[in-house]
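Trainee: Below are the sequence and a predicted model; questions follow.
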Amino acid sequence: QVIDSTSLSWGTRVKGFIACFAIGCLCSILGSCLLWIPKKGLVLFAVFYTLGNIASIGSTMFLMGPMKQLQRMFEPTRLIATIVMLLCLILTLCSAFWWRKAGLALLFCILQFFAMAWYSISFIPYARDAVKKCVSVCLS
(Lines give C-alpha, C1' and ligand atoms only; values in the text may rest on other atoms or scores of the structure.)
Protein backbone atom coordinates (compact mmCIF):
# COMPACT_ATOMS: atom_id res chain seq x y z
CA GLN A 1 0.00 0.00 0.00
CA VAL A 2 2.85 2.41 0.81
CA ILE A 3 4.57 1.58 -2.46
CA ASP A 4 1.43 2.49 -4.41
CA SER A 5 0.92 5.80 -2.59
CA THR A 6 4.31 7.34 -3.33
CA SER A 7 6.16 8.30 -6.47
CA LEU A 8 9.52 7.31 -4.97
CA SER A 9 10.88 3.86 -5.65
CA TRP A 10 11.72 1.56 -2.75
CA GLY A 11 15.46 2.03 -3.37
CA THR A 12 15.11 5.82 -3.31
CA ARG A 13 13.11 5.70 -0.10
CA VAL A 14 15.73 3.50 1.57
CA LYS A 15 18.47 5.90 0.45
CA GLY A 16 16.46 8.85 1.81
CA PHE A 17 16.00 7.02 5.11
CA ILE A 18 19.72 6.24 5.39
CA ALA A 19 20.74 9.80 4.46
CA CYS A 20 18.31 11.45 6.87
CA PHE A 21 19.18 9.05 9.68
CA ALA A 22 22.91 9.60 9.08
CA ILE A 23 22.39 13.38 9.22
CA GLY A 24 20.52 12.91 12.49
CA CYS A 25 23.34 10.84 13.98
CA LEU A 26 25.92 13.34 12.72
CA CYS A 27 24.04 16.25 14.31
CA SER A 28 23.83 14.41 17.63
CA ILE A 29 27.54 13.57 17.57
CA LEU A 30 28.43 17.13 16.53
CA GLY A 31 26.32 18.44 19.41
CA SER A 32 28.20 16.19 21.82
CA CYS A 33 31.52 17.52 20.52
CA LEU A 34 30.34 21.14 20.82
CA LEU A 35 29.34 20.58 24.43
CA TRP A 36 32.86 21.43 25.57
CA ILE A 37 32.98 24.90 23.99
CA PRO A 38 33.05 27.51 26.77
CA LYS A 39 29.86 29.54 27.40
CA LYS A 40 27.83 28.49 24.32
CA GLY A 41 28.65 24.77 24.30
CA LEU A 42 25.64 23.59 26.25
CA VAL A 43 23.22 25.55 24.07
CA LEU A 44 24.88 24.27 20.90
CA PHE A 45 24.67 20.74 22.24
CA ALA A 46 20.96 21.13 22.97
CA VAL A 47 20.23 22.53 19.52
CA PHE A 48 22.25 19.97 17.56
CA TYR A 49 21.03 17.06 19.70
CA THR A 50 17.42 18.14 19.11
CA LEU A 51 17.98 18.61 15.38
CA GLY A 52 19.53 15.15 15.28
CA ASN A 53 16.48 13.61 16.93
CA ILE A 54 14.12 15.47 14.57
CA ALA A 55 16.08 14.22 11.55
CA SER A 56 16.07 10.67 12.92
CA ILE A 57 12.29 10.75 13.38
CA GLY A 58 11.90 12.28 9.95
CA SER A 59 13.99 9.54 8.37
CA THR A 60 11.29 6.95 9.01
CA MET A 61 8.87 9.01 6.94
CA PHE A 62 10.81 7.88 3.89
CA LEU A 63 10.00 4.27 4.68
CA MET A 64 6.31 4.48 5.56
CA GLY A 65 5.26 7.89 4.27
CA PRO A 66 4.36 11.00 6.26
CA MET A 67 0.67 10.21 6.86
CA LYS A 68 1.31 6.62 7.96
CA GLN A 69 4.12 7.85 10.21
CA LEU A 70 1.82 10.38 11.89
CA GLN A 71 -0.95 7.79 12.26
CA ARG A 72 1.44 5.35 13.93
CA MET A 73 2.94 8.05 16.16
CA PHE A 74 -0.47 8.96 17.54
CA GLU A 75 -1.81 5.44 18.03
CA PRO A 76 -3.17 4.94 21.57
CA THR A 77 -0.25 2.69 22.55
CA ARG A 78 2.34 5.39 21.88
CA LEU A 79 0.31 8.59 22.22
CA ILE A 80 1.78 9.62 25.59
CA ALA A 81 5.32 8.75 24.49
CA THR A 82 4.86 10.83 21.32
CA ILE A 83 3.48 13.84 23.18
CA VAL A 84 6.24 13.77 25.80
CA MET A 85 8.90 13.35 23.11
CA LEU A 86 7.59 16.25 20.99
CA LEU A 87 7.14 18.41 24.08
CA CYS A 88 10.74 17.74 25.14
CA LEU A 89 12.00 18.60 21.65
CA ILE A 90 10.13 21.93 21.75
CA LEU A 91 11.08 22.77 25.34
CA THR A 92 14.75 22.06 24.63
CA LEU A 93 14.76 24.58 21.79
CA CYS A 94 12.75 27.11 23.84
CA SER A 95 15.17 26.88 26.76
CA ALA A 96 18.14 27.26 24.42
CA PHE A 97 16.86 30.18 22.29
CA TRP A 98 14.22 32.13 24.19
CA TRP A 99 14.80 31.48 27.88
CA ARG A 100 18.58 31.15 27.47
CA LYS A 101 18.82 28.69 30.37
CA ALA A 102 21.60 26.19 29.65
CA GLY A 103 20.82 24.01 32.66
CA LEU A 104 17.19 23.75 31.66
CA ALA A 105 18.22 22.89 28.10
CA LEU A 106 20.40 20.09 29.46
CA LEU A 107 17.54 18.79 31.60
CA PHE A 108 15.23 18.74 28.59
CA CYS A 109 17.92 16.96 26.54
CA ILE A 110 18.06 14.23 29.17
CA LEU A 111 14.26 13.98 29.22
CA GLN A 112 14.33 14.02 25.42
CA PHE A 113 16.68 11.04 25.42
CA PHE A 114 14.43 8.97 27.70
CA ALA A 115 11.26 10.02 25.87
CA MET A 116 12.83 9.15 22.52
CA ALA A 117 14.01 5.78 23.83
CA TRP A 118 10.56 4.97 25.24
CA TYR A 119 8.93 6.05 21.95
CA SER A 120 11.39 3.99 19.89
CA ILE A 121 10.94 0.78 21.85
CA SER A 122 7.17 1.09 21.44
CA PHE A 123 7.69 -0.24 17.91
CA ILE A 124 9.28 -3.46 19.24
CA PRO A 125 6.73 -5.99 20.51
CA TYR A 126 6.93 -6.57 24.28
CA ALA A 127 10.01 -4.32 24.62
CA ARG A 128 8.27 -1.92 27.00
CA ASP A 129 7.18 -4.79 29.23
CA ALA A 130 10.74 -6.11 29.31
CA VAL A 131 12.13 -2.69 30.25
CA LYS A 132 9.52 -2.24 32.98
CA LYS A 133 10.34 -5.66 34.38
CA CYS A 134 14.11 -4.95 34.31
CA VAL A 135 13.66 -1.63 36.10
CA SER A 136 11.39 -3.17 38.74
CA VAL A 137 13.90 -5.96 39.38
CA CYS A 138 16.76 -3.47 39.64
CA LEU A 139 14.83 -1.28 42.07
CA SER A 140 13.77 -4.21 44.26
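Mentor: Perfect, I can see it now.
Trainee: any idea what sits nearest the most centrally placed residue in the chain, other than its immediate chain neighbours?
Mentor: Nearest to the mean C-alpha position of the chain, counting by C-alpha atoms, centre = their mean, stands Asn53 at 3.6 Å. Distance criterion C-beta to C-beta, 6 or more residues apart in numbering; nearest residue to Asn53, sequence neighbours excluded, is Met116 at 5.7 Å. Where C-beta positions appear, they are placed from N, C-alpha and C, glycine not excepted.
Trainee: element containing the one you found?
Mentor: Assessed by DSSP states H and E, Met116 sits inside helix 102-121.
Trainee: Summarise which helices and strands the following helix or strand past that helix is packed against.
Mentor: Later in the chain than helix 102-121, the nearest helix or strand by DSSP H and E is helix 127-139. Judged by 3 or more C-beta pairs under 8 Å, 6 or more residues apart in numbering; DSSP states H and E, helix 127-139 is in contact with helix 102-121.
Trainee: any idea of the angle the helix it packs on forms with helix 127-139?
Mentor: 120 degrees (axes from the mean of the first three to the mean of the last three C-alpha atoms, to 10 degrees).
Trainee: buried ones in helix 102-121?
Mentor: Buried residues in helix 102-121, counted by 16 or more other C-beta atoms under 10 Å: 102, 104-109, 111-112, 115-116, 118-121.
Trainee: do the same with stretch 22-39
Mentor: 23-24, 27-28, 30-31, 34-35.
Trainee: returning to that earlier point: how close does the residue nearest to Asn53 get to Cys94?
Mentor: Distance from Met116 to Cys94, counting by C-beta to C-beta, to the nearest Å: 17 Å.
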